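Enquirer: below is the sequence, then the predicted model.
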2 protein chains.
Amino acid sequence: MGAARLLRGLSSLLEPRALTVIVNTGDDETFFGLHVSPDVDTILYTLAGVVSPGQGWGIDRDTFRCLQALQGYYTDAWFQLGDRDLATHIYRTDRLRRGDSLTVITHAIAEAHCVRQRVLPMTDAAVRTFVRVAGHGTLPFQEYLVHRRGHGKVESIEPRGAKEARPATGVLEAIRQARYVILPPSNPFVSIGPILALRGVAATLRSTRARVAAISPIVGGAPIKGPLHRMLRGLGHEVSALGVARLYKDFVDLFVIDRCDRRFAEPIAELGMKSVVTDTIMSTPAKSLRLAGAVLQALES
Amino acid sequence: MGAARLLRGLSSLLEPRALTVIVNTGDDETFFGLHVSPDVDTILYTLAGVVSPGQGWGIDRDTFRCLQALQGYYTDAWFQLGDRDLATHIYRTDRLRRGDSLTVITHAIAEAHCVRQRVLPMTDAAVRTFVRVAGHGTLPFQEYLVHRRGHGKVESIEPRGAKEARPATGVLEAIRQARYVILPPSNPFVSIGPILALRGVAATLRSTRARVAAISPIVGGAPIKGPLHRMLRGLGHEVSALGVARLYKDFVDLFVIDRCDRRFAEPIAELGMKSVVTDTIMSTPAKSLRLAGAVLQALES
């Protein structure tokens, strides 16, 4: 997850209180009756330093005893949930049922993990991203990504409920009052798109006095991870950093691309954005730190 | 749990299909938003052969990784739930929320564990046993038993909701059509009492043509396990096998007492029950088998 890796770097450079993370909840899903927020948890576990470094989600060295037992009860127990990770979903589900908001619960989970950065779910409302895949119909995002491994021709992507959903308390204010807004190298359709689709977010991004940077999730014509190339192609966009830059041109001031994509620097500048060329592959913590530093420096200059 | 130990013996002697177990749900409780049915699970795990032999509840060699993580979120995470055990509670809660009955879910859990005996929760309705303890007010049963360790003077015990609750489908029929009904050496107030309190159960027990046996949970003036002596005393009953026999005299034909209590054989006979004297402490599987055999033999003779 590009967002988590970038955050690892940013959180080393910034005071915890200087950082607000607005997190997609469009790929939230209910498994075994438990409300799972994969992106929120990955961000929280990353900031808490407990994320599994190998897989980039879940808790490091977690065990899967409960899941194994669940597989005795469910024939479709394909989603991986570790024993310690499950505690988060049980707790979130319990509090949601008692009427607490995702925002309040996310704050409590962060506190329990001593995370001091502000982590906001994008909304307290139910937004669910669906992906229509040729020959497979319309699938909930997790089923498309994890169960079907992101295969197939993408025909459309819809963050259902986003247009009517009010952003969580603090989201618009954070965008409005920030000095910088950074869109990480995440999937523009399913990770960033649902946030942008919420009522008022795109408008606030266009009107904020914050400088807005985005980092290309496409490097050398391929996504760093996941099925983004299929989505870009399926939805009629160019599978390149330039293709992504075009999606963001309305509100992004700086577009960060990898050295291997420097040929796009000029066409991106022509879209009205400053293009920044640097190493963007965060394969180590040191590289995450370096990219975060380069983005902050570019935003400051 | 006397019921589970007796069942271990009975299930070795009887065809699975010959055995119907009606289980108390009055000590069901919600922990972390999950519906836990301690008695049902102990019976199912016992019949499945996976119960923890040391503690008599939960699953053998279970781990507690999820619970440890839950303790990071909850300040009052005192109830012990193992990782594999949790799967049962997650599954039950999920299906209850989808509208399935406890009876149907219990059957599904039994099937998943290859349990072929019929296990019926006493009711699908919510019945909750509360214990009023001097100086502590009225406590839900699990809090009284586990959290407060069954301490304090018992002033009253109430299976709330029992009188209005209809027994689960199959319960009255099982009592009516059985050849024998056996009340295990369980707590007459909190384990057997809630079942007897359900609409029609006591009447059916009185009118059934089945021979009804009960095994004393009090041996030598003390309960085999738990705070039954405090309950008997607090509620004005004699703390002895005779004290328990008096509670059952309306519908029990045979009352089984331990050799050390043989002096009660005559007063029990005077209550109108046949008294059976044998070894009733089931400290080993062999002793469970022997007691089960003795009870069946007494019922047959």
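Expert: Received it, and whenever you're ready, just let me know what you need. Numbering: from 1, shown residues only, chains lettered A, B, ... in the order given.

Enquirer: up against chain B, what does chain A have?
Expert: A:32-34, A:59, A:62-63, A:65-70, A:72-74, A:83-88, A:90-91, A:93-94, A:97-98, A:108-109, A:112-113 (C-beta under 8 Å from any C-beta of the partner chain). In short, each C-beta sits where N, CA and C put it, glycine included.

Enquirer: show me which of the residues you listed are buried.
Expert: Neighbour counting by 16 or more other C-beta atoms under 10 Å in any protein chain shown classes A:32-34, A:59, A:62-63, A:65-67, A:69-70, A:72-74, A:83-88, A:90-91, A:93-94, A:109, A:112-113 among the residues of chain A next to chain B as buried.

Enquirer: from A:Thr169, how far out is the residue in the stretch 101-250 of chain A that chain B sits nearest to?
Expert: Residue nearest to chain B within the stretch 101-250 of chain A (C-beta to the nearest C-beta): A:Ala112, separated by 4.8 Å. Counting by C-beta to C-beta, to the nearest Å, the gap from A:Ala112 to A:Thr169 is 20 Å.

Enquirer: for A:Leu254, same thing?
Expert: Distance of A:Leu254 to A:Thr169, given as C-beta to C-beta: 28 Å.

Enquirer: which residues are contacting stretch A:40-59?
Expert: A:1, A:3-5, A:7-8, A:11, A:21, A:23, A:25, A:28, A:38, A:60-62, A:80-82, A:84-85, A:88, A:102, A:106, A:109-110, A:113-115, A:117, A:119, A:121, B:69 (C-beta atoms under 8 Å, 6 or more residues apart in numbering or on different chains).

Enquirer: I meant stretch A:124-135, not that one.
Expert: Outside stretch A:124-135, the residues that touch it by C-beta under 8 Å, 6+ apart are A:25-29, A:101-103, A:138-141, A:144, A:148, A:151-162, A:164-166, A:168, A:190, A:193-194, A:197-198, A:231.

Enquirer: stretch A:192-211 too?
Expert: Contacts of stretch A:192-211 (C-beta under 8 Å, 6+ apart): A:22, A:24-26, A:122-123, A:127, A:129, A:157, A:159, A:162-167, A:171-172, A:175-181, A:183, A:186-187, A:212, A:250-251, A:253-254, A:299.

Enquirer: return the residues in contact with the closest residue to A:Ser37 other than its chain neighbours.
Expert: Counting by C-beta to C-beta, 6 or more residues apart in numbering or on different chains, A:Ser37 lies nearest to A:Asp28, which is 4.8 Å off, once chain neighbours are set aside. For A:Asp28, the contact set (C-beta under 8 Å, 6+ apart) comprises A:35-38, A:40, A:126-128.

Enquirer: just give me the neighbour total for the residue nearest to A:Glu238 when sequence neighbours are not counted.
Expert: With sequence-adjacent residues excluded and distances taken as C-beta to C-beta, 6+ apart, A:Glu238 is closest to A:Leu232, at 6.9 Å. A:Leu232: 23 surrounding residues under other C-beta atoms under 10 Å in any protein chain shown.

Enquirer: tell me the predicted confidence for A:Leu232.
Expert: If you check A:Leu232, the pLDDT there is 95.

Enquirer: ditto for A:His147
Expert: For A:His147, pLDDT reads 82.

Enquirer: just the strands in the stretch 201-301 of chain A please.
Expert: Counting by DSSP state E, counting those that start in this stretch, the stretch 201-301 of chain A has strands at residues A:211-215, A:218-219, A:222-223, A:254-258, A:274-278.

Enquirer: B:Ile224: which of those is closest?
Expert: strand A:222-223 (64.5 Å; C-beta to C-beta).
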